[in-house]
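# let me see the structure of the following:
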Amino acid sequence: MTEPFTLGILETGRPPEALAGKFPSYAEMFAQMVGATAPEHWKFEYYVALEGELPPSPDTCNAWLITGSKFGAYEDYPWIHALKAFIVKAYVAGVPMVGICFGHQILAEALGGKVIKSEKGWGVGHQAYQWSTTKPDWLAATDLAGQDAFSILAFHQDQVVEVPPQAEVIASNDFCPAAALVYGDQVLSFQGHPEFSADFVADLIEEKRDDVLGASIADKAATSLAQPIDRVAIGAGIVEFLKAREAEWINKKAANAG
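Numbering: from 1, shown residues only. Below you'll find the predicted structure:
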């Protein structure tokens, strides 16, 4: 029997209250996305980092995924400081991590980069990103194999403006130069939201239209949702990235046992 591989999901945000009854939580969105192509022996554990709930140790799970959030990775909240400290411990321990949007940003902040509220404003709706010249190996097992670009939905104003020294940009566009990062073979992060459906973003745009976005940005973003996105392929790519980390973990255990 294959030993379970546990992905811990660190929940750092929630859908707006007005949408909570209509859509899954952010943690559930990720479990659905990863679960669509993950091996059957994988399982998920959930921690509400937003409320100060963190695992007792970085090796409590085999890998970690950090969700999106309405908060800024640079904000002065106890739970944000605690999460940064946990990230550093996990990184030093060699535990794999994946970050999306806020997760992408707080990984960068914790590991030596810088995040700001960008003067470029909001990036909302359909966003196309170009892969760097060295495309990730795990793309070969997805529908994006051989493609130079991908598209997913986005909803952010904060951006990574200084990339940590150990990280490499693997995808970008003019609006967001650090749209996806890798830290060696251990960490992967995206600014966009592969877990978000067009239906959810459409409702989120309307929820934020008046008090956050304004009509011009909201209208343009809503119109963009008709364009195709690669959310399924990026989700599968995240699974492939973690499967490679799982194989390394299995080999390491076997070597230690021997």
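
# backbone phi and psi for the closest residue to Q130 other than its chain neighbours, please?
Excluding the flanking residues, the one nearest Q130 by Cβ to Cβ, 6 or more residues apart in numbering is A149, at 4.9 Å. In short, each C-beta sits where N, CA and C put it, glycine included. Backbone torsions for A149, taken as degrees, to the nearest 10, come to phi -150, psi 170.

# what's the answer for the one 4 residues further on, then?
With angles defined as degrees, to the nearest 10, L153 shows backbone torsions of phi -90, psi 150.

# in the sheet, who's paired with it?
Beta-bridge partners for L153, by DSSP bridges, are H126, H193.

# could I get the contacting residues of it?
Contacts for L153 (Cβ atoms under 8 Å, 6 or more residues apart in numbering) come out as G125, H126, Q127, G192, H193, F196, A198, V201, L225, I229, R231.

# can you flag the buried ones in those residues?
G125, H126, Q127, G192, H193, F196, A198, V201, L225, I229, R231 (16 or more other Cβ atoms under 10 Å).

# show me the contacts for V34.
By Cβ under 8 Å, 6+ apart, the neighbours of V34 are L7, W42, F44, L65, G235, I238, V239, L242.

# and the fifth one, what's its pLDDT?
What the model reports as pLDDT for G235 is 96.

# if we can go back for a sec, what about the residue nearest to Q130, how many residues nearby?
Neighbours of A149 under the rule other Cβ atoms under 10 Å: 12.

# same question, the one 10 residues further on
Taking other Cβ under 10 Å as the criterion, the count of residues near Q159 is 22.

# so where is the stretch 1-150 of the chain shaky, pLDDT-wise?
Scanning the stretch 1-150 of the chain with the threshold set as pLDDT under 70 gives 1-2.
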